[in-house]
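> Structure, please.
(one chain, ligands or ions: 1)
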Amino acid sequence: MSLQEKIYSRLPVFLQNIACSMKGREIASRRYSREFFDLFEKIRDRDRLPADEMSELRFRRLRDNLITAYETSEYYRDLFDRHAFDPYRMEDPDELLRLPLHRKADIKNNLHSMVNRTVEKGSTIKATTSGTTGSGLVFPMSHACERETWAVWWRYRHNHGISFDTWCAIFGARSIVPLDQQTPPFYRTISPMRQVLFSMHHLNRRNIASYVEAFNKMQIPWIHGHPSTIANMASLMHENDLRLNYPVKYITIGSENLLEHQIEIIENVFGITPIQHYGLTEPVANISMCEHGKLHIDEDYSFVELVPTEEDDNRYHLIGTSFSNDALFFLRYDTNDIVTLEEDQSCPCGRSGRIIKSIEGRKDDYIVMRDGTRIGRLSTIFRRLTHVKEAQIRQEADGHVIFFVVKSAKYTDEDETVLKEEIESRLDVDYSIKYVDTIPKTKGGKLKFVISNYEGNRK
Ligand SMILES: [Zn+2]
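Numbers count the residues shown, from 1 in each chain. Now for the predicted structure:
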């Protein structure tokens with residue numbers, strides 16, 4: 001805990017609210033500047049650019065960024081020269097394939113020579129990728145890049161009817177409510193950003209009624225957070241027969257993959273379908289759900305490549321090249337996520353962005369069966385299990401698979417039978433089911449759905 005955090009945690013609630021609002025004002029004035037709103041208009045205008053104009057824009061931005069990288073970064077100059085790649089003469093995006101893919105470790109190891117040496121330190125912010133312990137990355141992000149990222153996110157929100165003055169309940173990973181606080185309120189208000197930050201750490205059986213009461217009092221129309229947290233709130237409400245006394249209009253989720261049993265419980269309790277979005281701190285890919293429920297790649301935001309996986313021809317590695325971060329260029333960056341493409345690439349919304357069927361998440365979200373077959377898409381196992389609050393699948397070094405399950409109060413023996421059926425119909429593995437009170441989250445507050453310690457998976 002920093003000194004600032006220590007002082008904050010000792011303040012009375014009303015002063016914490018003031019402190020949050022002061023910090024909020026600072027962030028809001030940086031994030032939502034005049035330049036932001038000018039850019040936002042531009043970005044909204046290009047949302048439905050016809051396919052040919054979009055691919056022209058995409059190519060132009062790609063080439064401009066490659067040229068900037070070549071002219072300002074020692075690493076990229078050297079790399080392009082070695083591969084005889086000439087960005088000035090580039091005529092086709094396919095020429096990019098001559099250059100190697102980059103992983104997070106490549107960026108970390110070469111950061112010093114990769115950054116744009118002409119960008120002044122004061123004109124960037126420090127961006128931090130969450131990642132599990134040790135795998136995080138800190139890199140310089142230009143203000144322009146931060147603006148563009150937020151503008152693209154807001155474009156997607158606006159498309160669903162959310163506006164800049166819609167109040168939002170956010171479940172964040174930050175300890176905005178001190179952990180040792182035992183009594184409500186379990187939220188703090190950031191008025192300048194129209195946000196009510198709810199603590200995900202206090203969300204449990206004992207406190208759920210006070211959460212519902214706070215929502216009912218404030219009638220917050222929009223909920224945003226990790227799907228595991230929102231699903232947790234939904235299932236706590238369900239098992240305690242609690243209901244909101246007003247309709248929530250929007251639920252947006254981020255950071256984790258949305259699993260089928262989570263959609264089910266969220267729809268069941270809140271009566272609406274969560275709106276999905278894929279984005280990451282590295283500005284290399286953004287995928288937004290449209291009004292028709294289709295997931296479109298935001299082609300104007302970055303240069304996204306879908307590189308087929310070895311196993312299956314409709315599963316792709318999501319690879320992206322950045323368009324907006326002058327401070328550090330990301331070239332053919334492997335997000336480590338796998339997506340599948342929708343067969344029918346047309347959508348009534350008319351957007352030209354490629355349509356993704358599902359975001360399957362990390363490529364190590366597999367377990368390995370007795371015969372060596374790797375199986376992904378494991379969330380389908382829990383599809384029928386609406387009384388499961390949280391779940392995690394862990395394959396141990398010897399191949400044994402443990403299904404960790406947090407039951408809701410309505411979970412019965414019948415659910416266990418269904419779970420066993422679902423597991424055995426899909427997986428030929430040696431397994432056990434372990435019931436636990438809670439599943440540890442990552443530092444960023446994420447619930448990792450699959451953990452593999454299996455030696456056979458280290459390819
Ligand atoms: Zn669409």
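> Tell me the residues of the stretch 1-150 of the chain that contact the ion?
Taking Cβ under 5 Å from the ion as the criterion, the ion has no neighbours within the stretch 1-150 of the chain. (Each C-beta comes from the backbone N, C-alpha and C, glycine too.)
> in the stretch 1-150 of the chain, which spans are helices?
Remark: helices assigned in the stretch 1-150 of the chain by DSSP state H, counting those that start in this stretch are 3-10, 13-31, 34-45, 51-72, 74-82, 104-114, 143-159.
> One more: the stretch 301-450 of the chain?
Going by DSSP H, counting those that start in this stretch, the stretch 301-450 of the chain shows helices at 413-426.
> Now tabulate the helices of the stretch 1-150 of the chain in JSON lines and tack on mean pLDDT and mean neighbour count.
Output for the helices of the stretch 1-150 of the chain, formatted as JSON lines (pLDDT from 0 to 100; neighbours: other Cβ atoms under 10 Å):
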{"stretch": "helix 3-10", "mean pLDDT": "84", "mean neighbour count": "12"}
{"stretch": "helix 13-31", "mean pLDDT": "87", "mean neighbour count": "15"}
{"stretch": "helix 34-45", "mean pLDDT": "95", "mean neighbour count": "14"}
{"stretch": "helix 51-72", "mean pLDDT": "96", "mean neighbour count": "16"}
{"stretch": "helix 74-82", "mean pLDDT": "97", "mean neighbour count": "16"}
{"stretch": "helix 104-114", "mean pLDDT": "93", "mean neighbour count": "15"}
{"stretch": "helix 143-159", "mean pLDDT": "94", "mean neighbour count": "20"}
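> Which one of the ones you listed lies nearest to Asp334?
Closest approach to Asp334 among the helices of the stretch 1-150 of the chain (Cβ to Cβ): helix 104-114, 8.0 Å.
> Contacts for that closest one next, please.
The set of residues that contact helix 104-114 without belonging to it, under Cβ atoms under 8 Å, 6 or more residues apart in numbering, is 73-76, 78, 129, 131, 135, 137, 139, 328-330, 333-334, 336.
> if we can go back for a sec, save the helices of the stretch 1-150 of the chain as JSON lines, and put in distance to His202 too.
As requested, the helices of the stretch 1-150 of the chain are exported to JSON lines (distance: least, Cβ to Cβ, whole Å):
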{"stretch": "helix 3-10", "distance to His202": "14"}
{"stretch": "helix 13-31", "distance to His202": "13"}
{"stretch": "helix 34-45", "distance to His202": "33"}
{"stretch": "helix 51-72", "distance to His202": "44"}
{"stretch": "helix 74-82", "distance to His202": "45"}
{"stretch": "helix 104-114", "distance to His202": "32"}
{"stretch": "helix 143-159", "distance to His202": "27"}
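> any idea how the protein splits into domains?
Taking automatic domain parsing as the criterion, the chain consists of the domains 3-31+161-274, 34-157+278-362, 367-457.
> From the chain's centroid, how far away is the shortest one?
Right, the one you point to is domain 367-457. 21 Å (Cα atoms, centre = their mean, to the nearest Å).
> I'd like the average pLDDT over that domain.
Average pLDDT, domain 367-457: 85.
> Mind telling me which residue of the stretch 51-200 of the chain is nearest the ion?
Evaluated by Cβ to the ion, the stretch 51-200 of the chain has Asn159 as its residue closest to the ion, separated by 9.2 Å.
> Distance check, the residue lying closest to Ile356 once chain neighbours are set aside against the ion.
Once its chain neighbours are removed from consideration, Ile356 has its nearest residue in Leu295; the separation is 4.3 Å (Cβ to Cβ, 6 or more residues apart in numbering). Note on Leu295: its distance to the ion, by Cβ to the ion, to the nearest Å, is 8 Å.
> Return the residues in contact with Leu295.
Taking Cβ under 8 Å, 6+ apart, one finds Gln276, Tyr278, Ile287, Ser288, Met289, Glu342, Ile355, Ile356, Lys357, Ser358, Ile359 in contact with Leu295.
> Next one: it relative to Glu424, how far apart?
Leu295 sits 32 Å away from Glu424, going by Cβ to Cβ, to the nearest Å.
> Please apply the same query to Ser55.
47 Å.
> next one: Arg383
Here the distance between Arg383 and Glu424 works out to 15 Å (Cβ to Cβ).
> now do Glu416
Glu416 sits at a distance of 12 Å from Glu424 (criterion: Cβ to Cβ).
> So for these two, which residue has more residues nearby?
Set side by side, Glu416 and Glu424 give different neighbour counts by other Cβ atoms under 10 Å, the larger being at Glu416 (15 against 11).
> Make sure the more buried one is actually in contact with Ser432.
No - under the contact definition of Cβ atoms under 8 Å, Glu416 does not touch Ser432, with a separation of 12.0 Å.
> wait, Trp143 sits on Gly122?
Let me fix one detail, which is that residue 143 is His and not Trp. No - contact status for His143 versus Gly122: not in contact, 10.0 Å apart, counting by Cβ under 8 Å.
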